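Visitor: sequence isn't available, so here's the structure alone:
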């Protein structure tokens, strides 16, 4: 019971800290709706490719990563994210927050070269970081690096669709599956929503974030559910060490 309470306290503290950081970055991420909404959309009803029993063993994270870097459009980005979460490099709370803050500050100041430098530093540590790909896309576009902008847009869209395609977020049965709280906030920014509250739910052996958000344009309040098994279980394992 004590261990569970400690986990919940740590998780809530992390969410609050991330929420404050995201509020400072909201102006930059608001571009998501304008730039990419037509291409990505909310693909909640889109199913991931089904695997047959005859499939070969799942490719490793490194194999999937190499395919993505070659702009292989057949890559399953959800599989890529889950493969990353299974590596020893996975650390949902180990992101470089200082670099992220510098990245968004540079983007807001239209220092695209500086923003790109920080984005590339972040992606070198965690290639599935959606914030990094979004900023790299915008910076490369503004610097007239068309090929690189196209690449990062491709990766960002693939990562976003892998989240929105995992469910519709309306209840625990159809919760969005995420591997970090960053993904929750990127989705909210994409939808133009402002996080307003969070509660932790455990049901049928799974853990969920019940996130309340408001639409600043309409003042409407909405609720979304996120399956946080990956990051929450990682946190539990780290407490055992």
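Guide: The structure has been received and is ready for your questions. Fair warning: this is a prediction, and the values are worked out from it, not measured in the lab.

Visitor: can you list the low-confidence ranges for this structure?
Guide: Flagging of the chain using pLDDT under 70 yields the residue ranges 1-56, 94, 241.

Visitor: wait, residue 118 sits on residue 106?
Guide: Yes: if you go by CB atoms under 8 Å, residue 118 and residue 106 touch, sitting 6.3 Å apart. Every residue, glycine included, has its C-beta placed from N, CA and C.

Visitor: the two: who's more crowded?
Guide: residue 118 (25 against 21; other CB atoms under 10 Å).

Visitor: run through the residues that contact the more buried one.
Guide: The contact partners of residue 118, by CB atoms under 8 Å, 6 or more residues apart in numbering, come to 99-100, 102-103, 106, 135.

Visitor: what's the closest of the residues you listed to residue 217?
Guide: Proximity of these to residue 217 (CB to CB) peaks at residue 135, which lies at 24.3 Å.

Visitor: what residues are up against that closest one?
Guide: Listed by CB under 8 Å, 6+ apart, the contact partners of residue 135 are 28, 103-104, 107, 115-116, 118-119.

Visitor: show me which of these are buried.
Guide: Among the contacts of residue 135, those classed as buried by neighbour count (16 or more other CB atoms under 10 Å) are 28, 103-104, 107, 115-116, 118-119.

Visitor: residue 198 contacts residue 210, doesn't it?
Guide: Yes: counting by CB under 8 Å, residue 198 touches residue 210, with 6.9 Å between them.

Visitor: is the residue nearest the centre of the chain in a helix, a strand, or coil?
Guide: Compute the mean C-alpha point of the chain, and by CA atoms, centre = their mean the closest residue is residue 183, 2.3 Å away. Secondary structure state of residue 183, per DSSP: H, G, I helix; E, B strand; the rest coil, is helix.

Visitor: how many other residues sit next to the nearest residue to it once chain neighbours are set aside?
Guide: Residue nearest to residue 183 in three dimensions, not counting chain neighbours: residue 163, with 5.7 Å by CB to CB, 6 or more residues apart in numbering. Per other CB under 10 Å, the neighbour tally for residue 163 reads 25.

Visitor: which stretches of the protein form strands?
Guide: Ranges of strands within the chain are 176-177, 194-203, 206-214, 221-227, based on DSSP state E.

Visitor: just name the most buried of those strands.
Guide: Among those, strand 176-177 has the highest mean neighbour count (mean count of other CB atoms under 10 Å), at a mean of 22.

Visitor: now do it: distance to the chain's middle.
Guide: Taking CA atoms, centre = their mean, to the nearest Å, one finds the center of strand 176-177 at 10 Å from the center of the full chain.

Visitor: stretch 226-239 now?
Guide: Worked out by CA atoms, centre = their mean, stretch 226-239 lies 15 Å from the chain centre.

Visitor: returning to what we had before: in JSON lines: the contacts of residue 135, plus distance to residue 61.
Guide: Formatted as JSON lines, those follow (distance: CB to CB, whole Å):
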{"residue": "28", "distance to residue 61": "28"}
{"residue": "103", "distance to residue 61": "24"}
{"residue": "104", "distance to residue 61": "27"}
{"residue": "107", "distance to residue 61": "28"}
{"residue": "115", "distance to residue 61": "27"}
{"residue": "116", "distance to residue 61": "24"}
{"residue": "118", "distance to residue 61": "23"}
{"residue": "119", "distance to residue 61": "20"}
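
Visitor: what about the residue nearest to the centre of the chain, distance to residue 124?
Guide: Residue 183 sits 19 Å away from residue 124, going by CB to CB, to the nearest Å.

Visitor: just confirm the residue nearest to residue 183 contacts residue 188, I think it does.
Guide: No: the criterion here is CB under 8 Å, and residue 163 misses it with residue 188 at 11.3 Å.
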